[in-house]
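Novice: below are the sequence and a predicted model; questions follow.
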Amino acid sequence: MIEAGEMIKTALFDDSLTVDTKSERKDLVTNVDKMVQTYFAQKILTFDPKAKILGEENGQDHLNKWNGRVFVIDPIDGTMNFVLERENFCIMLAVYEEGQGILGFIYDVIKGQLLWGGRDIGVFLNEERVPQPANVSLKDGLLGMNAAMYARNSHNAQIMGDRAMGVRMSGCAGLELMGMVLGRRVGYVSNLAPWDYAAGGVLIEALGMKMSHITGRKLKLDGRERFLAGTPSAYEEMLTLSQQNDD
Ligand code: IPD
Ligand code: CA
Ligand code: CA
């Protein structure tokens, strides 16, 4: 993680960044996204040749089976921020065994903050153990939100936002989930692919918070899904609100 972060910082400051689009104008990928994913994939397969890789880039974005050990990689989460803000992005890595999330890592490269852990070992920010966040209700906290879902009031997203103390749209799923772990967010509503929530999902669940598809069903870990996460109290309230109106 730290080595990959150094590669990213070097590329940011030595002017070697090249930016391309994928599905549309706002769907960006850089040479650094691809390089970091290749770096992780090579390290993982050297250490564990039987491991499977699911990652956003390099054509590794689909898995037929989740048996065995799976490493889920988002080499840069928040690529738009990376390109236009040069901050507010992170590296994410999750380890799954037989379909269960075991370990999650979210590295805020610019702040030098590595959030890591899992259900069996607890959660740490760099070397310090993170305590279980309080079960804050929706009305008492800040809600992370996907801008398009908020604008369209998808699944009553605007009503959820009104109930909260305020809405925040960072453009980086990993940092929103890190915010939940650190007690800065009461929840997060978005439209995410597996690599956007795998690492953060392990970490929030390790601390007793909840996540699912916005309808309450289990996430499929395949393709984009409407995503809901929160403290137990905020999650239940948002789930009820989401079911009052579907888009
Ligand atoms: C994106 C960010 C963003 C979320 C998008 C993701 P990327 O990831 O996490 O916050 O709203 O859905 O695709 O493409 O920058 O890795
Ligand atoms: Ca992402
Ligand atoms: Ca990415």
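Specialist: Cool, the structure landed. Numbers count the residues shown, from 1 in each chain. Ligands and ions are numbered 1, 2, ... in the order given.

Novice: any idea what the residue of the chain found nearest ligand 2 is bridged to?
Specialist: Distance from ligand 2 to each residue of the chain (C-beta to the ion) is smallest for Asp77, at 3.8 Å. In short, each C-beta sits where N, CA and C put it, glycine included. According to DSSP bridges, the partner residues bridging Asp77 are Cys90.

Novice: that one: neighbour count?
Specialist: The number of residues packed near Asp77 is 29, by other C-beta atoms under 10 Å.

Novice: show me the contacts for it.
Specialist: 89-92, 172-175, 195-196 (C-beta atoms under 8 Å, 6 or more residues apart in numbering).

Novice: tell me which two in these are the farthest apart.
Specialist: Maximum pairwise distance among the contacts of Asp77 (C-beta to C-beta): 14.5 Å, between Leu175 and Trp195.

Novice: contacting residues around the closest residue to ligand 1 within the chain?
Specialist: As assessed by C-beta to the nearest ligand atom, ligand 1 sits closest to Ala173 within the chain, at 3.4 Å. Going by C-beta under 8 Å, 6+ apart, Ala173 touches 77-78, 188, 190, 192, 196-197, 200.

Novice: phi first, then psi, for it.
Specialist: With angles defined as degrees, to the nearest 10, Ala173 sits at phi -60, psi -40.

Novice: per-residue pLDDT of the nearest residue to it once chain neighbours are set aside, please?
Specialist: The shortest distance from Ala173 to any non-neighbouring residue, by C-beta to C-beta, 6 or more residues apart in numbering, is to Asp196 (4.1 Å). On pLDDT, Asp196 comes in at 98.
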